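Q: okay, sequence plus prediction incoming.
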Amino acid sequence: MIGRWRGRPTSRTQRTSPLAGLRTPPSAGVLSCRVLDPVNEPVAHAEFAVSDSMGRKVVSGGMDPFGSFVTTVPAGEYRLAVSAEGYTPYRATAMVGENTLASLGDVTLQVARPPELPAPGDWEIEPAHSSIAFTARHIGLARIHGRFNAFAGVIRVGDPVEQSAMHVVIDAASIDTNVRMRDDHLRSADFLDVRQYPTLEFYSDRFVHKGGNRWAVTGALSLHGVTRTVTLDTEYLGLGNGMEGETRAACRATTELRRDDFTVSWQTMLARGIAVVGPSIRIELDVQVVPKG
């Protein structure tokens, strides 16, 4: 006996709809696009951010290996921003309807001009517009944010820039986490031991261009009487003018340190039941330099 299908027939539109295999919540739709470079190759490392009409970020993320993204959002009007290292950012507006696909199709990013480099010569860090900050885990729990309030540094910009060198000195006693008792403990012999090691110093003569505005600055960091090789992942932000018209250059840089590498031990303090900063510390530098007078 041949049975008869008693279900509701599926329309041709439903079978061929781009959303047929994607379940969307009520009052929601789908936004998508594919990001290409000027020779029509996918930009897999691009990132996107979708904001509502009030400028509030709704969703963000990275592209898939084919340079595409698909995201579900409530129906409405949105602003899309696409960015990738070495390319000019792309921005667009899209209307997303209920249970519909709003596709921007193929988006082509244009190669960005690299920012102008500082002129050869000696430049010095301007502390008033610079910061050396760090973030650490409080024994795997909440994050601790801190900074060093006193530091100085000079960069000798070479020609080419890859032949540059820099020297930065940080006052260890200027550590500041906004908690006096903790700061006193960090200055003690348990951690930085500022009486015996009053400064942290970084010296580098290796500047490697990684493409676009990215540089790797590798050098020797001396901390707590120990010297280790450290690489700063650096983003060069370009040149600008201060309020008095002086030329200045700016960059951001990050690195991660392990305290054990600098013999700043914490096992004995755990045994004594003292809650301390965790073993891994992220360093973030935001620096402006001006020609040395």
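A: Nice, I can see it.

Q: so what sits opposite the residue nearest in space to the middle of the chain in the bridge?
A: The residue lying closest to the centre of the chain (C-alpha atoms, centre = their mean) is Thr254, at 8.0 Å. For Thr254, the beta-bridge partners are Asp233, Glu284 (DSSP bridges).

Q: dump the residue contacts of it.
A: 232-233, 282-285 (C-beta atoms under 8 Å, 6 or more residues apart in numbering). Where you see a C-beta, it was placed from the backbone N, CA and C, and this is true even at glycine.

Q: let's see it at 7 Å
A: 233, 282-284 (C-beta atoms under 7 Å, 6 or more residues apart in numbering).

Q: any idea how far it lies from Ala81?
A: Taking C-beta to C-beta, to the nearest Å as the measure, Thr254 falls 22 Å from Ala81.

Q: Thr234 versus the closest residue to Arg34 other than its chain neighbours, what's the distance?
A: Among residues not flanking Arg34 along the chain, Ser68 sits closest, at 4.4 Å (C-beta to C-beta, 6 or more residues apart in numbering). Using C-beta to C-beta, one gets 30 Å for the distance from Ser68 to Thr234.

Q: if I pick Ala150, what's in contact with it?
A: So Ala150 contacts 171, 174 (C-beta under 7 Å, 6+ apart).

Q: quick one, phi psi at it?
A: phi -130, psi 120 (degrees, to the nearest 10).

Q: ok, Pro89 next?
A: phi -60, psi 150.

Q: ok, back up a step: out of Ser68 and Thr234, which sits in the busier spot?
A: When neighbours are counted by other C-beta atoms under 10 Å, Ser68 and Thr234 differ, and Thr234 comes out ahead with 21 against 18.

Q: can you tell me the closest non-neighbouring residue to Pro127?
A: Pro127 sits nearest to Phe151 (C-beta to C-beta, 6+ apart), 6.5 Å away.

Q: helices and strands around the helix or strand hosting Ile281, which ones?
A: Per DSSP states H and E, Ile281 falls inside strand 280-291. Here strand 280-291 touches strand 121-125, strand 131-137, strand 247-258, going by 3 or more C-beta pairs under 7 Å, 6 or more residues apart in numbering; DSSP states H and E.

Q: worst average pLDDT in these?
A: Lowest mean pLDDT of the helices and strands packed on strand 280-291: strand 131-137, a mean of 87.

Q: tell me the angle that strand makes with strand 121-125.
A: 50 degrees (axes from the mean of the first three to the mean of the last three C-alpha atoms, to 10 degrees).

Q: what's in contact with strand 131-137?
A: Counting by C-beta under 7 Å, 6+ apart, 143-148, 151, 170, 277-278, 281-286 sit against strand 131-137.

Q: neighbouring strands - and their directions - for it?
A: For strand 131-137, pairing defined by DSSP bridges yields strand 143-148 (antiparallel), strand 280-291 (antiparallel).

Q: and the ones you listed: which comes nearest Leu239?
A: strand 280-291 (10.3 Å; C-beta to C-beta).

Q: and that closest one, which residues are buried?
A: Neighbour-count burial for strand 280-291 flags 281, 283, 285, 287-290 (criterion: 16 or more other C-beta atoms under 10 Å).

Q: which residue ranges of this protein form helices?
A: 12-16, 180-187, 267-271 (DSSP state H).

Q: okay, and the beta partners of Thr72?
A: Going by DSSP bridges, Thr72 forms beta bridges with Val30.

Q: residue contacts, it?
A: So Thr72 contacts 24, 28, 30 (C-beta under 7 Å, 6+ apart).

Q: of the residues you listed - the most surrounded one?
A: For these, neighbours tallied by other C-beta under 10 Å; top is Val30, 19 neighbours.

Q: does that one touch Leu101 like I think?
A: Yes: the pair Val30 and Leu101 qualifies as a contact (C-beta atoms under 7 Å) at a distance of 4.8 Å.

Q: where does the stretch 51-200 of the chain dip in pLDDT?
A: Where the stretch 51-200 of the chain drops to pLDDT under 70, the residues are 137-142.

Q: could I get the full set of strands for it?
A: Listed in chain order, the strands of the stretch 51-200 of the chain (DSSP state E, counting those that start in this stretch) span 57-62, 68-74, 76-83, 90-96, 101-108, 121-125, 131-137, 143-148, 151-157, 165-171, 175-176, 199-211.
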